[in-house]
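Asker: Dropping the sequence and predicted coords here.
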Amino acid sequence: MIVGRAKVGRYEIERHVASGGMAEVYQARDPATGACVALKIPHDGEEIWEAERAGAALQIELSRRDARVPRVHEIGDGDERFVAMEYVEGEDLSRRLQAGPLDWREATAIAIELCGVLATARACGAPNGEPGGIVHGDIKPRNIRLQEGGRIKVLDFGIAKALRQTRAETRNLYGSVPYSSPERLDRGHVDYHSDLWSVAVVLYEMLEGRRPFRSASDAELERAIRSGAAPAPLEREAPPAFAAVLRKALAPALVDRYASAQELEIDLRAVLIGETARAAADDASTPSLAPLAVPVPPAIPEDPVDEPDATRRTVTATNGAADPDATQRTHAPGAQPTVDEVPDPDATRRTAAADPVARPEAQQNGGASPSAPRASYAQAGETSAPLQASPGPIPPGPPVPALASPAAAPAREVSARPGAAPPWMQRVRWKTIAVFVVLFFTAREFQALGSAGDLRSSLPSRPRGEAAAVWNEYRRVMPGHVLVNLSGLGGAVRDWMVSHADDLISRYRSDTPTIYETGWRSAEGLLQHAAAIDPGSRRIQARLEFCRAHLLRIAARDAKLPDESMSRYDEAVSRFERAARLWPGWGDPYIGLAQIYTYGKRDPERAAEALAQARNARYPFGERETVLLGDAYRLRAERRWAGSTDAFDANQHYRHLERIRDDCARALEQYELVPSYAGVSRHLRALRRRLAEIDERMRALSGDPAAEPAPVWPAPSAGQ
């Protein structure tokens, strides 16, 4: 920092205004015109100055088109390096937010202004809609100056980048983590989507007075953003449409976000005037897929979505709880029930043949006879003996008629029992019950078949966000219904789950993958459901192993302890290899293996072998795969270069340098095939400097400083 009154170039410094990660900003005076200027003096470092100078040149272009960008007066590129630009009066948005959140109308108006700046930036140098334009790269409250009348100025283009006509993205290793998008944190790639993400974070912060993602450290914050964590819900009073707008603007997957600043601006203007935002009308992204990664039991997996049906599920109607009619059928029609069954009223009173002589005694005792206790045992299953007359002489009386045989008495009693239904009526009753049961189950089958048809016909139009609802409907319709099982619904739901999982997996095949941890977990959940329907499909199991391997790769990359990291890398390798065995001829697992051998294990030979297997499987190679092999050799060279050589003698040191030189040369060969890929030009410059330094050291060790350097091996072929 410059202290006291001083001059930089022709400008007289008056006071220090701000400090940043790349430069100091001063208020200065131009003695020639008396105008007040903002003087930006970069920190030491060639790379920082190159970024500042390039950003200032882009700011000149953009300020000619948009008054919301400060004008640049001069770029000092001599002994004193500086950027002199228009001094903007007003208050930074960051200082304004220290007093608390803004009114939602003011916040929306500021976000609309920012969208206008981004739309202008994207149009710069992009005729006929071709890729191009300017990326600011550091949109945050500190770089937004609020002026009177609701106007704004976007400051600090120090890390701005120009997008080439041939490539719609660039690479930027600088930036503010809280405002950086997942793909930027993951790979350093930036395009206009990166600025749109930052605008969404700023909008959230203006509405709530806090950022959507918060952690104790930058490392934890970066992991949260990269993993696709959902932002904290809005708590302050604002139109409900903001939730849908921010959910779309901060979606983890790039394809789920707004395609342009104009689209976001349209929705914000709709919210401002009370209309329905398009994000609220067609929002299909819900947090229901995140829990899909919960392990599923091998039989019918539990639904990972926390819904009432899933949490309260105990047993379905066909798994042991039959309908009332079926449970009451304890025996066939016309058969006598056993005492263990639930008998009809007649049977419950059947014990033994009644003795006519005992009836008067029973009537005299109020209906209870000495045999009553014995009858109760008989009802419980014990056989009672014939009733006996009490001992003693019988007084003389009129002659008693002869009794019928004991076997005939009960038959006459049953036929004469009042209220007893005749046998033909009992047979009709059981036939009626049987018909009712058949009709009931038939109606249930056709009702389930109709529900299955509705579900199947709706599948083509249902988005991936409804995976949990589809699975719940399938589980309600499918079990125990013969016609539904024959209708092909299971195959249709399985194919729907696999199709959406394949859509997520395909995002990993491009030169700039757009699938992150949340996407892999969503694909895993979809494939778990598909595997539950068709557990014998080897290709579904291969896809499932593939997704789990990538989740382990990400966990290994983020692990804090080296042993933990290598353990997870080893498990990921095992799962990638199993996926390849389950599905011979599928090249995707080999690309996953190549990534682990490159960035995790620093083993370029194994990485090259995996890439060769992927090529044999006809995997569609792109620039990324070429850069992958170059990274493998470069990273091993860097590790060897950083290793200690204190214990080496001259010969060992010379051989050590030769190995590093070979790795650098192989990396250089790969990078020269794709010089326009993001970040490759920087690697090419670094490798050439490293090779020159290695040659110098090798000449010194050989004792022949004037010797010519050894040729770079292997040399690129003539066709390359």
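Answerer: Okay, I see it. Residues are numbered from 1 along each chain as shown.

Asker: and this protein, what are its domains?
Answerer: Per the record, the chain has its domains at 1-87, 89-285, 427-489, 622-720, by automatic domain parsing.

Asker: For this structure, which segments count as strands?
Answerer: Along the chain, counting by DSSP state E, strands occupy 7-8, 11-19, 23-29, 36-42, 72-77, 81-86, 91-92, 134-135, 144-146, 152-154, 161-162, 170-171, 189-190.

Asker: pLDDT weak spots in the chain?
Answerer: Applying pLDDT under 70 to the chain picks out residues 1-5, 125-132, 158, 160-175, 280-427, 439-453, 478-487, 704-720.

Asker: Now Arg464: closest residue in space, sequence neighbours ignored.
Answerer: The spatial neighbour of Arg464 that comes closest, neighbours along the chain excluded (CB to CB, 6 or more residues apart in numbering), is His500 at 4.3 Å. All C-beta atoms are positioned from the backbone trio N, CA, C, and that covers glycine.

Asker: could the domains of the chain go into CSV alongside distance to Glu545 and mean neighbour count?
Answerer: Formatted as CSV, the domains of the chain follow (distance: least, CB to CB, whole Å; neighbours: other CB atoms under 10 Å):
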stretch, distance to Glu545, mean neighbour count
domain 1-87, 42, 17
domain 89-285, 21, 19
domain 427-489, 20, 16
domain 622-720, 21, 15
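
Asker: Show me the one of the ones you listed that comes nearest Arg578.
Answerer: Proximity to Arg578 (CB to CB) singles out domain 622-720 among those, at 21.9 Å.

Asker: Next, format the strands of the chain as a markdown table and append distance to Leu552.
Answerer: Shown next, in a markdown table, are the strands of the chain (distance: least, CB to CB, whole Å):
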| stretch | distance to Leu552 |
| --- | --- |
| strand 7-8 | 53 |
| strand 11-19 | 42 |
| strand 23-29 | 41 |
| strand 36-42 | 42 |
| strand 72-77 | 49 |
| strand 81-86 | 46 |
| strand 91-92 | 44 |
| strand 134-135 | 33 |
| strand 144-146 | 41 |
| strand 152-154 | 42 |
| strand 161-162 | 34 |
| strand 170-171 | 27 |
| strand 189-190 | 24 |
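
Asker: So for Val202, which of the ones you listed sits nearest?
Answerer: Closest to Val202 of the strands of the chain, according to CB to CB: strand 144-146, at 7.2 Å.

Asker: what lines up beside the closest one in the sheet?
Answerer: Strand pairing for strand 144-146, determined by DSSP bridges: strand 91-92 (antiparallel), strand 152-154 (antiparallel).

Asker: among the ones you listed, which is nearest Arg142?
Answerer: Proximity to Arg142, assessed across these by CB to CB, is greatest for strand 91-92 (5.7 Å).

Asker: now Ile75, nearest residue through space, not along the chain?
Answerer: Ala56 (5.2 Å).

Asker: pretty sure that neighbour is touching Glu74, no?
Answerer: No: taking contacts as CB atoms under 8 Å, Ala56 lies outside contact range of Glu74: 9.2 Å.

Asker: Overlap in contacts, those two.
Answerer: Residues touching both Ala56 and Glu74 (CB atoms under 8 Å, 6 or more residues apart in numbering): Val83.

Asker: doesn't Leu526 make contact with Ala467?
Answerer: Yes: judged on CB under 8 Å, Ala467 makes contact with Leu526 at a distance of 5.8 Å.

Asker: for the residue nearest to Ile75, what are its contacts?
Answerer: Here Ala56 is in contact with 72, 75, 83, 85, 157-158 (criterion: CB under 8 Å, 6+ apart).

Asker: Need the residues you listed in a markdown table (columns: distance to Ala530).
Answerer: Putting these into a markdown table (distance: CB to CB, whole Å) gives the following:
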| residue | distance to Ala530 |
| --- | --- |
| Val72 | 57 |
| Ile75 | 58 |
| Val83 | 57 |
| Met85 | 57 |
| Phe157 | 49 |
| Gly158 | 49 |
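
Asker: before we move on, back to that, quickly note the distance from the residue nearest to Ile75 to Ser63.
Answerer: The gap separating Ala56 from Ser63 is 10 Å, by CB to CB, to the nearest Å.
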